[in-house]
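> Sharing a sequence plus its predicted fold:
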Amino acid sequence: MEKADLIETKLTGTNLSDAVLTDADLSSADLKGANLSSADLSGADLRETDLTGADLSGAILIDVNLTGADLTDAKLEGADLSGADL
């Protein structure tokens with residue numbers, strides 16, 4: 001799903017492990033408790049996204065925009081945040 005338009009989408013608790021969401025626009029999306037482990041989100045727009053309790057372990061988050069994102073209790077072990085805008 002490269003360059004997917006998922007602005008303001010409600011994906012609470014969704015299993016997106018190993019998903020390829022490169023350059024996707026997930027700004028203002030609700031990803032509370034979502035499983036994004038080992039997902040490739042390179043270049044994605046995650047501004048203002050709610051990632052509370054999300055599992056991002058092992059995710060590829062290279063060059064993502066996380067400005068204003070809520071990462072409370074998110075699991076980030078082994079995630080690659082190279083070049084990410086926090």
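On my side now, so go ahead.

> now stretch 56-65: how far from the chain's centre is it?
Distance, stretch centre to chain centre, for stretch 56-65: 7 Å (Cα atoms, centre = their mean, to the nearest Å).

> now the end-to-end length of that stretch.
End-to-end distance for stretch 56-65: 15 Å, by Cα to Cα, to the nearest Å.

> and if you look at stretch 48-55?
End-to-end distance (Cα to Cα), stretch 48-55: 17 Å.

> next one: stretch 75-86
Using Cα to Cα, the two ends of stretch 75-86 sit 16 Å apart.

> which parts of it are buried?
With burial defined by 16 or more other Cβ atoms under 10 Å, the residues of stretch 75-86 counted as buried are K75, L76, A79, D80, L81, A84. Using the backbone N, CA and C atoms, a C-beta is placed for each residue, glycine as well.

> Stretch 29-48 now?
So, applying 16+ other Cβ under 10 Å, buried residues of stretch 29-48: 29-48.

> wait, what's in contact with the closest residue in space to L6 that isn't next to it in sequence?
Nearest residue to L6, sequence neighbours excluded (Cβ to Cβ, 6 or more residues apart in numbering): L26, at 4.9 Å. Shown in contact with L26 (Cβ atoms under 8 Å, 6 or more residues apart in numbering): L6, I7, T9, L41, A44, D45, L46, T49.

> was I right about S37 contacting A59?
Yes - shown here, S37 and A59 form a contact pair, counting by Cβ atoms under 8 Å, at 6.5 Å.
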